[in-house]
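**Q** What follows is a protein structure lacking sequence information:
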């Protein structure tokens with residue numbers, strides 16, 4: 001019943017907070033690596049965490065999200081590289097969950113999820129700065145950057161969704177800081193041996209896919225077969241609506257910005273050059 005489910009969530013939340021404290025205290029010791037890995041495996045397999053797959057479900061258990069985000073942040077910061085490498089698939093899952101949780105209407109749940117992803121970027125930047133020569137796949141930095149390379153497109157989609165949704169203003173600063181770190185990481189990798197994993201084109205591609213490609217696909221879909229008769233307009237579908245809102249918000253934010261005078265005799269030539 002509802003009461004039993006609530007008790008399960010509360011118990012898991014308390015256990016997760018306790019595990020985060022344990023990792024903060026002992027995670028750096030190599031003899032505890034196996035315990036750390038077993039702990040993240042146990043939490044990741046819990047049905048309560050598996051159900052965090054939409055903004056709606058995230059809104060139902062903000063305390064659990066906070067506990068899980070604190071635990072995974074501590075895991076990345078404090079655990080030795082052996083534990084990080086052994087848990088790469090679970091860390092990738094945790095990053096995907098955090099991206100989804102960032103879209104929650106519950107402000108606390110969304111912000112703590114963004115903070116965890118920001119911690120992920122901090123750890124990645126630290127390792128790339130310390131080892132510009134790309135290390136082996138068995139290093140913490142390689143594991144984290146590879147996860148970011150695989151999850152970047154999903155991250156962009158969820159961040160745009162969050163910033164264009166309800167209560168967006170509350171997460172603007174943290175989202176902007178997180179994206180700034182991602183841009184810095186892509187720019188840094190571009191100039192080092194890490195370029196084969198992550199580069200500036202990666203970020204540009206994710207942005208293009210998130211905003212433009214989905215909108216283009218929606219429009220083409222609306223022009224084929226019965227869709228053309230039933231939906232003759234443009235800007236249909238999720239991709240089209242996202243693009244429209246991005247353009248609208250940009251226009252509204254620049255409504256009162258004075259436009260510099262451009263001589264029409266050379267403006268087009270200058271823009272094309």
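**A** That came through fine. Everything numeric in this text was worked out from a predicted model, so none of it was measured. Numbers count the residues shown, from 1 in each chain.

**Q** what about the stretch 151-273 of the chain, any weak spots by pLDDT?
**A** Counting by pLDDT under 70, the stretch 151-273 of the chain contains low-confidence ranges at 166, 211-219, 221-273.

**Q** switch the cut-off to 90
**A** Residues of the stretch 151-273 of the chain that meet the criterion pLDDT under 90 lie in 157-177, 179-180, 203-273.

**Q** and residue 126, what does it touch?
**A** Contact partners of residue 126, counting by C-beta atoms under 8 Å, 6 or more residues apart in numbering, are residue 141. (Each C-beta comes from the backbone N, C-alpha and C, glycine too.)

**Q** which SSE is the residue nearest in space to the middle of the chain in?
**A** Using C-alpha atoms, centre = their mean, the residue of the chain that lies closest to the mean C-alpha position is residue 155, 3.4 Å off. Secondary structure assigned from DSSP states H and E places residue 155 in helix 140-163.

**Q** now for that helix, which elements pack on it?
**A** In this structure, helix 140-163 packs against helix 81-86, helix 88-101, helix 107-130, helix 172-190, helix 200-207, helix 237-253, with contacts taken as 3 or more C-beta pairs under 8 Å, 6 or more residues apart in numbering; DSSP states H and E.

**Q** switch the cut-off to 10 Å
**A** Secondary-structure packing of helix 140-163 (3 or more C-beta pairs under 10 Å, 6 or more residues apart in numbering; DSSP states H and E): helix 55-60, helix 62-78, helix 81-86, helix 88-101, helix 107-130, helix 172-190, helix 200-207, helix 237-253.

**Q** tell me the most buried of those?
**A** Most buried of the helices and strands packed on helix 140-163, by mean neighbour count (mean count of other C-beta atoms under 10 Å): helix 62-78, with a mean of 23.

**Q** ok and that one relative to helix 140-163, angle-wise?
**A** Counting by axes from the mean of the first three to the mean of the last three C-alpha atoms, to 10 degrees, helix 62-78 points 150 degrees away from the direction of helix 140-163.

**Q** State the mean pLDDT of helix 62-78.
**A** For helix 62-78, the mean per-residue pLDDT is 90.

**Q** That one packs against which elements?
**A** When contacts are defined as 3+ C-beta pairs under 10 Å, 6+ apart, helix 62-78 sits against helix 2-26, helix 33-44, helix 47-50, helix 55-60, helix 81-86, helix 88-101, helix 107-130, helix 140-163.

**Q** contacting residues around the fifth one?
**A** Identification of contacts with helix 81-86 by C-beta atoms under 10 Å, 6 or more residues apart in numbering yields 23, 27, 30, 32-41, 75-76, 79, 91, 123, 127, 135-144.

**Q** Could I have the PyMOL command that selects the buried members from those residues?
**A** Selection of the buried residues among the contacts of helix 81-86 in PyMOL, burial being defined by 16 or more other C-beta atoms under 10 Å:
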select buried, resi 23+27+32+33+36+37+39+40+75+76+79+91+123+127+135+139+140+141+142+143+144
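
**Q** got the buried residues for stretch 43-55?
**A** Within stretch 43-55, the residues that qualify as buried are 43, 44, 46, 48, 49, 52, 55, counting by 16+ other C-beta under 10 Å.

**Q** Identify, from those, the entry nearest to residue 64.
**A** The closest of the buried residues of stretch 43-55 to residue 64 turns out to be residue 48 (C-beta to C-beta; 6.3 Å).

**Q** That closest one is in contact with residue 61, isn't it?
**A** Yes. Taking contacts as C-beta atoms under 10 Å, residue 48 lies within contact range of residue 61: 7.1 Å.

**Q** Need the helices and strands packed on helix 62-78 in a markdown table (columns: distance to residue 189).
**A** As requested, the helices and strands packed on helix 62-78 are arranged in a markdown table below (distance: least, C-beta to C-beta, whole Å):
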| stretch | distance to residue 189 |
| --- | --- |
| helix 2-26 | 28 |
| helix 33-44 | 26 |
| helix 47-50 | 30 |
| helix 55-60 | 30 |
| helix 81-86 | 19 |
| helix 88-101 | 17 |
| helix 107-130 | 6 |
| helix 140-163 | 7 |
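
**Q** Out of these, which is closest to residue 71?
**A** Evaluated over those, closeness to residue 71 peaks at helix 2-26, with 4.1 Å, by C-beta to C-beta.

**Q** can you tell me the average pLDDT over that closest one?
**A** Averaging the model's pLDDT scores along helix 2-26 yields 64.
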